[in-house]
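> Provided below are the primary sequence and the corresponding predicted coordinates.
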Amino acid sequence: MELSNIRNFMLCVAAGTLITTSSFAANPDVGGAPMLENKNIVENAVNSKDHTTLVAAVKAADLVDTLASAGPFTVFAPTNAAFGKLPDGTVDTLLKPENKVTLTKVLTAHVVAGKISSTDLVAKIKAHGGNFNFKTVSGDALTARLHGADVFIFDESGGAAKVTIADVNQSNGVIHVVNDVLLPK
């Protein structure tokens, strides 16, 4: 247990507060970097070597201030490998200033208002007969489904992204790392 967690535990015990071990669950590392709950989505993403393309795209779309704001947001964050699956030249084309509107649409199709944990997402999938439909901040539709123990997010274009790292908590929401880029229609 880290020193800060021990200190928090002792303060809670002294105050007579009931705590659980889940209070001390650490965020997973992403892209070889620790993801700190007291940092926002952008502050953490810039440290992940697996999300350099996403960070470059967020900067090109002028979404840094939005994703650094209070939120909360749920972000389905594609990895560099996910962007690499797109047809050759797609990322370079999207990053051009004249394609900022399209890039913004693609990126905001990965962002949902509010903080949705993986536990909440699975519960909603089960409560809705195996398909949970929800809207992104871009207004696009996503559908979450379970395949075995894995959560997949389906976009309007018929693509599917598997959640590979869930519940990366941020000061302004949560990130779920995905292995494909979600595309709006």
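Sure, I can see it.

> report the contact partners of residue 135.
112, 141, 142 (Cβ atoms under 8 Å, 6 or more residues apart in numbering). The C-beta positions use only the backbone N, C-alpha and C, and glycine is treated the same way.

> which of those lies closest to residue 92?
residue 142 (25.8 Å; Cβ to Cβ).

> for the closest one, phi and psi?
When read as degrees, to the nearest 10, the backbone of residue 142 gives phi -130, psi 150.

> if I look at it, how far off is residue 55?
From residue 142 over to residue 55 the distance is 22 Å, taken as Cβ to Cβ, to the nearest Å.

> these two - which one has more neighbours?
residue 142 (20 against 17; other Cβ atoms under 10 Å).

> tell me the contacts of that one?
So residue 142 contacts 76, 109, 112, 133, 134, 135, 136, 153, 154, 155, 156, 182 (Cβ under 8 Å, 6+ apart).

> element containing residue 168?
strand 160-170 (DSSP states H and E).

> buried residues, that strand. List them.
Of the residues in strand 160-170, 161, 163, 164, 165, 166, 167, 168, 169, 170 count as buried by neighbour count, 16 or more other Cβ atoms under 10 Å.

> just give the closest residue to residue 37, not the sequence neighbours.
residue 169 (4.8 Å; Cβ to Cβ, 6 or more residues apart in numbering).

> run through the helices of this structure in chain order.
3-15, 41-45, 52-60, 64-68, 80-84, 90-94, 100-108, 118-127 (DSSP state H).

> burial of the nearest residue to residue 99 once chain neighbours are set aside, as a residue count?
Using Cβ to Cβ, 6+ apart and skipping residues adjacent in sequence, the residue nearest residue 99 is residue 93, 6.1 Å away. Residues lying near residue 93 (other Cβ under 10 Å) number 14.

> please apply the same query to residue 30.
22.

> rewinding a little: show me what the strand holding residue 168 pairs with in its sheet, parallel or antiparallel.
strand 150-154 (antiparallel), strand 173-178 (antiparallel) (DSSP bridges).

> most tightly packed of the ones you listed?
Highest mean neighbour count of the strands paired with strand 160-170: strand 173-178, a mean of 24 (counted as mean count of other Cβ atoms under 10 Å).
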